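Peer 1: structure for the following, please:
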Amino acid sequence: MGASWASGIRLYACVATLGLLQHFKLTQLPGSLESLGHPWVIGVALFLFVGEFLADKVPVLDSGWDAVHTFIRIPAGVVLASTAFAKYPPHMMVIAGLIGGTLALTSHAGKSTNRLVINHSPEPVSNWTHSAWNDVSGVGIAAMAPFFPMVTIGVVLVLFVITAFIFFKALPLIKKTLSKASKDKK
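Peer 2: Prediction:
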């Protein structure tokens, strides 16, 4: 579940982190996730992470990247969670996938919402700070999950509540931004 949360923030960093942990035998990933340790998977994930890292540092480009990745991060959260349960009965894989997708959606929505708010700030420090936090949290939660699963679940639950709170507090700004964007097009 930690991997699903992290995938909503930094999918490629999450996959690369888990892959490196598996590849160097620092942990044994559950289910069929051991395939993340294949050198090609790690290489592609690292390559894509470099693109994500760079895109996330540029205001407006970061929001476009997030918009496109809405269709990538959430399904990836489903795949990561259900694949971790590959050795369990099929209904457990489905349940894990549903929870994983929800967690990926929540973290992605929170990240994207924060980004919209931060991009309205005239100074660059908040944007870079937010981006650095995403880098650290995406890698950190993914790295923590195999070693401290119960702690990771606790951290993810706390972040889930915080993200939901921030999202609902920012909803008026989101509506205002979308309304302004639609008026500007006319």
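Peer 1: hey, let's count contacts and neighbours off CA atoms from now on
Peer 2: Will do.
Peer 1: now do the SS call for residue 122.
Peer 2: Classification of residue 122 by DSSP: H, G, I helix; E, B strand; the rest coil places it in coil.
Peer 1: got the buried residues for the strand or helix carrying residue 163?
Peer 2: Residue 163 belongs to helix 149-185 when assigned by DSSP states H and E. By 16 or more other Cα atoms under 10 Å, the buried positions in helix 149-185 come out as 152, 153, 156, 159, 160, 163, 167, 170, 174.
Peer 1: can you spell out which helices and strands pack onto that helix?
Peer 2: helix 2-23, helix 90-118, helix 125-147 (3 or more Cα pairs under 8 Å, 6 or more residues apart in numbering; DSSP states H and E).
Peer 1: the helix or strand of the chain with the lowest mean pLDDT versus helix 90-118: what angle between them?
Peer 2: Between all helices and strands in the chain, the lowest mean by mean pLDDT, DSSP states H and E belongs to helix 149-185, at a mean of 83. Orientation of helix 149-185 against helix 90-118 (axes from the mean of the first three to the mean of the last three Cα atoms, to 10 degrees) gives an angle of 50 degrees.
Peer 1: where's stretch 61-73 relative to the chain centroid, distance-wise?
Peer 2: 11 Å (Cα atoms, centre = their mean, to the nearest Å).
Peer 1: who's in contact with it?
Peer 2: For stretch 61-73, contacts defined as Cα atoms under 8 Å, 6 or more residues apart in numbering pick out 7-9, 11, 52, 55-56, 104-105, 108, 112, 115-116.
Peer 1: Serialize the buried residues of helix 149-185 to CSV and add fields for distance to residue 122.
Peer 2: Listed next are these as CSV, based on distance: Cα to Cα, whole Å:
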residue, distance to residue 122
152, 35
153, 36
156, 31
159, 27
160, 28
163, 23
167, 21
170, 18
174, 18
